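*Asks:* Dropping the sequence and predicted coords here.
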Amino acid sequence: MEIELRPLSLGDGADIYAMLCEIGPGENGFGNSAYGVAFADFPDYLKQQDDMSKGLIDLSIFVPQTVYWLIVDRKPVGMVKLRHYLNDKLRVSGGHIGYCIRPSERGKGYGAIMLAETLKQARKLGIDEVMLTCSPDNTASIRTIERSAGMLESSTADTCTFWIKVPATTS
């Protein structure tokens, strides 16, 4: 199996677009801002996300975040957002990492692979510990986070908050 966590590129095309359409508007606290974007406008979406990764955004509202695609055997199967730091809003819900696997590829362990690869990227940004949140009824995500050494900090009716210490050395 060939696995790649690839950063969003301005040249991404129909295969990524199709995955984002399949993901839909998002669920369990994960928002897909590409949902509803026409293919003709997809390059504008990519540019907006690329600008966000470079911090070319309103930093009073947003934080820089890099979007990555999980590619398995040359097919996009998931997306992840790695936020470079937290603001007050992300400390309540969202955290450093938000991820989603396209529905047709769920249940194959790709969430755990994507999270492990994203932790490597977090280390490159100098992040020592990442926060993740998910809905309490999202048992698949909770299992993935816990199996990745996530420690539950708090749980409410709406949100479970976890922290993962980012390994100093990653392979």
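*Replies:* It's in. Numbering: from 1, shown residues only.
*Asks:* in stretch 81-89, what counts as buried?
*Replies:* Buried positions in stretch 81-89, judged by neighbour count with 16 or more other Cβ atoms under 10 Å: 81-84, 86. To be clear about C-beta, it is placed using only N, CA and C from the backbone, and glycine gets the same treatment.
*Asks:* quick one, phi/psi of Asn138?
*Replies:* phi -90, psi 80 (degrees, to the nearest 10).
*Asks:* which residues does it contact?
*Replies:* Contact partners of Asn138, counting by Cβ atoms under 8 Å, 6 or more residues apart in numbering, are 28-29.
*Asks:* Give me the helices and strands touching the biggest helix by length in the chain, please.
*Replies:* In the chain, assigned by DSSP state H, the helix with the most residues is helix 110-124. For helix 110-124, the packing partners by 3 or more Cβ pairs under 8 Å, 6 or more residues apart in numbering; DSSP states H and E come out as strand 3-7, strand 65-72, strand 75-83, strand 97-101, helix 139-147.
*Asks:* Look up the closest residue to Tyr35, ignoring the ones flanking it.
*Replies:* Using Cβ to Cβ, 6 or more residues apart in numbering and skipping residues adjacent in sequence, the residue nearest Tyr35 is Pro25, 4.4 Å away.
*Asks:* which ones are touching that neighbour?
*Replies:* With Cβ under 8 Å, 6+ apart, Pro25 has these contacts: 31-32, 35-36.
*Asks:* Tell me which residue is most central in this structure.
*Replies:* For the chain, Val80 is the residue whose C-alpha lies nearest the centre (Cα atoms, centre = their mean; 2.1 Å).
*Asks:* Look up which residues are beta-bridged to that one.
*Replies:* Tyr68, Tyr99 (DSSP bridges).
*Asks:* Please pick the buried ones from the contacts of Pro25.
*Replies:* Of the contacts of Pro25, these count as buried by 16+ other Cβ under 10 Å: Asn32.
*Asks:* Quickly name whichever of the contacts of Pro25 is closest to Gly111.
*Replies:* Minimum distance to Gly111 across the contacts of Pro25 is 15.6 Å, recorded for Asn32 (Cβ to Cβ).
*Asks:* residues in contact with the residue nearest to the closest one when sequence neighbours are not counted?
*Replies:* Nearest non-adjacent residue to Asn32, counting by Cβ to Cβ, 6+ apart: Gly26, 4.3 Å away. Going by Cβ under 8 Å, 6+ apart, Gly26 touches 32, 35, 100.
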